[in-house]
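Chemist: Curious how this folds, go ahead:
(one chain, ligands or ions: 2)
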Amino acid sequence: MPSQGDTPTFPADGAHGGHAPARLARFLDNTGGLGIVLNLYASMYPGGLHRPGAEITDRRSPTVTRRITILGSTGSIGQSTVQVVDSLGSDYRVVGLSGNRRWSELLDQCRLLRPAAAAVADDASAAAMRPQLNGQMDLLTGPEGLVEIASRPESDFVVAAIVGAAGLRPTLAAVEAGKDVGLANKEALVIAGSLLMPLAKRKNVRILPIDSEHSAVFQAMASGRSGEIHKIYLTASGGPFRTWSADRIAQATPEDALRHPTWDMGPKITIDSATMMNKALEIIEACWLFDLPPDAIEVLIHPESVIHSMVEFCDGSVIAQLGTPDMKTPIQYALTYPHRATGCAERLDFHALRKLHFEPPDMDRFPALRLGYEVARAKGTAGAVLNAANEQAVAAFLEGHIPFGRIVELTERVLDDHVVDTNPTLETLLTADAWARQEVNRCLNV
Ligand code: NAD
Ligand code: MG
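Modeler: Numbering: from 1, shown residues only. Ligands and ions are numbered 1, 2, ... in the order given. Coordinates of the predicted model:
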């Protein structure tokens, strides 16, 4: 994979929406007024600053209202988002939903939440669903319908929770339309971080991470400035094959690979966790989100999935975010940011927990990690090729066409044959994506 060397730099504070101290500093730069600072604090901490012993009964912010479109609402993240929105009360409203083939689940969500519009990517599912809606809301269809629902004026916040490359165009459309985005669809950043991040900056919108590790990093970063970061520890459970030999991993069945030890997720990300391609995608995601060089990111195996990630600052202080392995917590933080509200996920019990474990990753048994670093360095079209080849190989594995061991092997082979375009457009990224899928199919004689 020929690529162009780059010297990434740390961002200016709050370059992509920023964190509270950075935004406060910028605010002071602009105004210099104490009254305004007090107002800002009042809006950041509407319940008042917490004093030990003082009881705070309702931490819900009266100042945040969100009209939310959930892309991929029938999936694992989508359904958790619906639960979070429900628990946050009437300041948070769902105004748009989207699904693909599970139209009857989408219909149930529409009946419950009464959004202004819904979108169904799959045409046959849309045709089946339409008569059931009795014209009570707009039903948009196909890939264009997803783009439209992501950019409609009813919403001010879009949760991007479609799995895979299918989420890219709607996520770009949401940013283009000036919506803040809660990003679960890491593949969009892996493919097109070079377009998405500058676009968000131009449009002055926030891309708030929902991926638990990135949410943890984002929260930990509020303890310092981005220029003070020494490195990030991206934690990983190690997946179901953490203790398996390479030979045994190579022969794992879909049933083995779908049995994740700590997280309950959709099938594609569960397989990615078993190959550790998920962590590879997350390395690339972190580089784009936080404008960090790959060398500043260290993967750390932590089987309990309690520490969701950590930031080590230049003075040696390490700030971690902990919680039970439940995506409702990072989803809620994205929705309520910069505030916090009473959570609906189970809380940590340190007495039951007692011990946390850490180990270095094994790059030989999990070669996907190496690919993650290589692609994060190469940038350009490399992410699109890595992602598309992996998506295609994962689908082939789940359909029983290839053994587990070939997923990463095929992905690496396609990546090796790709000449990276270091300055891609959306069109070249989509071309690279299509080429990588064809290459996987060619290798499989499909
Ligand atoms: P899922 O398979 O459970 O749900 C995927 C959603 O995307 C569904 O609503 C489905 O209808 C929709 N979808 C699938 N293909 C589509 C297409 N071609 N066009 C339009 N819509 C389509 O997946 P998930 O586990 O919820 O993951 C969603 C995203 O969130 C992924 O990018 C994943 O990496 C990320 N993520 C998930 C978790 C988790 O715990 N599940 C954690 C972190 C990040
Ligand atoms: Mg994650």
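
Chemist: which parts of the host helix or strand of Ala126 are buried?
Modeler: Under the assignment given by DSSP states H and E, the secondary-structure element containing Ala126 is helix 123-133. Neighbour-count burial for helix 123-133, with 16 or more other Cβ atoms under 10 Å as criterion, is recorded at 125-126, 129. C-beta coordinates here come from the backbone N, C-alpha and C atoms, glycine included.

Chemist: between those, which is closest to ligand 1?
Modeler: Sorting the buried residues of helix 123-133 by how near they are to ligand 1, with Cβ to the nearest ligand atom, puts Ser125 at the top with 9.0 Å.

Chemist: and the gap between the closest residue to ligand 1 within the stretch 151-300 of the chain and Leu444?
Modeler: When scored by Cβ to the nearest ligand atom, the stretch 151-300 of the chain has Gly266 as its residue closest to ligand 1, at 2.5 Å. In this view, Gly266 and Leu444 are 23 Å apart by Cβ to Cβ, to the nearest Å.

Chemist: between the two, which one's more packed in?
Modeler: Set Gly266 next to Leu444 and count neighbours by other Cβ atoms under 10 Å: Gly266 wins out with 17 against 14.

Chemist: give the contact list for that one.
Modeler: Neighbouring residues of Gly266 by Cβ atoms under 8 Å, 6 or more residues apart in numbering: 75-77, 163.

Chemist: Kindly report the same for Pro403.
Modeler: Applying Cβ under 8 Å, 6+ apart, we find Pro403 in contact with 250-252, 397.

Chemist: which of the buried residues of helix 123-133 lies closest to Ala320?
Modeler: Distances from Ala320 to these, taken as Cβ to Cβ, are shortest for Ser125 (42.0 Å).

Chemist: thought that closest one was touching Trp103?
Modeler: Yes: counting by Cβ atoms under 8 Å, a contact exists between Ser125 and Trp103, whose distance comes to 3.9 Å.

Chemist: so when I look at Gly182, I'm seeing a helix, right?
Modeler: No: secondary structure assignment places Gly182 outside any helix; it is strand (DSSP: H, G, I helix; E, B strand; the rest coil).

Chemist: Count the neighbours of it for me.
Modeler: Neighbours of Gly182 under the rule other Cβ under 10 Å: 31.

Chemist: Identify the bridge partners of it.
Modeler: Val159, Leu208 (DSSP bridges).

Chemist: Okay, it and ligand 2: tell me how far apart.
Modeler: Shown here: Gly182 relative to ligand 2, a distance of 14 Å by Cβ to the ion, to the nearest Å.

Chemist: Around ligand 1, pick out the residues from the stretch 101-250 of the chain.
Modeler: 102, 121, 146, 161-163, 166, 184-187, 211 (Cβ under 6 Å from any ligand atom).

Chemist: Neighbour-wise, give me the winner out of those.
Modeler: When neighbours are counted as other Cβ under 10 Å, the busiest of those turns out to be Ala184, with 34 neighbours.

Chemist: isn't that residue right up against Ala160?
Modeler: Yes: checked against Cβ under 8 Å, the pair Ala184 and Ala160 is within contact range at 6.1 Å.

Chemist: Give me the common contacts of those two.
Modeler: Any residue near both Ala184 and Ala160 by Cβ under 8 Å, 6+ apart counts here, and that gives Gly72.

Chemist: Looking at the buried residues of helix 123-133, which is nearest Tyr233?
Modeler: Out of the buried residues of helix 123-133, the member with the shortest distance to Tyr233 (by Cβ to Cβ) is Ser125, at 41.5 Å.
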